[in-house]
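Trainee: Sequence first, then the predicted structure, then my questions.
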Amino acid sequence: MKRLVGLILFGFMSSSAFSASLNIDFSTRMGAPLSFQGYEGQAGNWNSIGLGSHNLFDLNGVATSVTANVSASNDNGIWGSFAPLLGDNIFDANAWSVDLSGLTNGLYDLIVYAPTNSMVSTGSLDINGLSLPEMGAVGTSYPTMVDGVTHKVLQIEITNSTLSLSGDDQNTSKNYYGLAGIQLAPVASEVPLPAAAWLFGSALLGLGLARRR
């Protein structure tokens, strides 16, 4: 009986809020290999997607409830550096946007990857209302990834099942603006043990003691 109570309580205490981790490479010119981990260290399936609406797959290649809607004028951008993730990208002369819907609400690690094409930057970024300066457009000048230049590491709170990213030509230095990829990983958080679980466990334990007597 004690073992049963322990297992029940453990089940409640170890419950965590999880959602699918996602790797996304924007543009279909060069797909990322399964072994490519990116800055997040998150190897597995990469969704290589262009313009329009797409159903997304998790790291194991299993379909999720998440969809991506990608808007730009072109999804055929390419550059030799940092292939296959940063070497291809979507781009536009004015603005681009990416909307992920169907996400589980909660806190996520988000890595945003800028194009390495010397003519393309992210433009001025907006991520769920958070404004960030332009990144990228470094060509082949950087042999390693540099936070704030080739990519940006963030934690973002999803509250309406949606992640919205966009970039435009405001306060920027380039002629084209786009995005190379993102990685999204939920931050696990322990769920507090409900009072009802303690009561239920206590009742079972009391029942066991009563039977012994």
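Mentor: Sure thing, it's come through. Residues are numbered from 1 along each chain as shown.
Trainee: so how far is Leu85 from Asp25?
Mentor: Distance of Asp25 to Leu85, computed by Cβ to Cβ, to the nearest Å: 6 Å. Using the backbone N, CA and C atoms, a C-beta is placed for each residue, glycine as well.
Trainee: who are the neighbours in contact with Val153?
Mentor: Val153 makes contact with Tyr39, Asp109, Leu110, Ile111, Asp147, according to Cβ atoms under 8 Å, 6 or more residues apart in numbering.
Trainee: could the residues you listed go into CSV alongside distance to Ala95?
Mentor: Shown next, in CSV, are the contacts of Val153 (distance: Cβ to Cβ, whole Å):
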residue, distance to Ala95
Tyr39, 25
Asp109, 26
Leu110, 20
Ile111, 22
Asp147, 24
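Trainee: nearest to Ser101, of those?
Mentor: Leu110 (15.4 Å; Cβ to Cβ).
Trainee: Pretty sure Asn94 sits against Asp168.
Mentor: Yes - applying Cβ atoms under 8 Å, one finds Asn94 in contact with Asp168, separated by 6.6 Å.
Trainee: circling back to that earlier point, common neighbours of Asp25 and Leu85, please.
Mentor: Joint contacts of Asp25 and Leu85 (Cβ under 8 Å, 6+ apart) are Ala32, Trp46, Ala180, Gly181.
Trainee: ok, now which ones touch the spatially most central residue of the chain?
Mentor: Nearest to the mean C-alpha position of the chain, by Cα atoms, centre = their mean, lies Leu184 at 1.4 Å. Contact partners of Leu184, counting by Cβ under 8 Å, 6+ apart, are Ser21, Leu22, Ile24, Leu100, Leu103, Tyr108, Asp109, Leu110, Ile111, Leu163.
Trainee: Let me know the closest of these to Leu125.
Mentor: Leu110 (11.5 Å).
Trainee: Show me the beta-bridge partners of that closest one.
Mentor: Beta bridges link Leu110 to Leu154, Leu184 when assigned by DSSP bridges.
Trainee: What is the burial count for it?
Mentor: 20 (other Cβ atoms under 10 Å).
Trainee: who's in contact with the closest residue to Gly148 other than its chain neighbours?
Mentor: Spatially, and ignoring its direct neighbours in sequence, Gly148 is nearest to Met135 (6.6 Å; Cβ to Cβ, 6 or more residues apart in numbering). Contacts for Met135 (Cβ under 8 Å, 6+ apart) come out as Val112, Ala114, Ser121, Thr122, Leu125, Gly148, Val149, Thr150, His151, Lys152.
Trainee: same thing with Val66?
Mentor: Ala20, Leu22, Asn55, Leu56, Leu100, Ser101, Gly102, Leu103.
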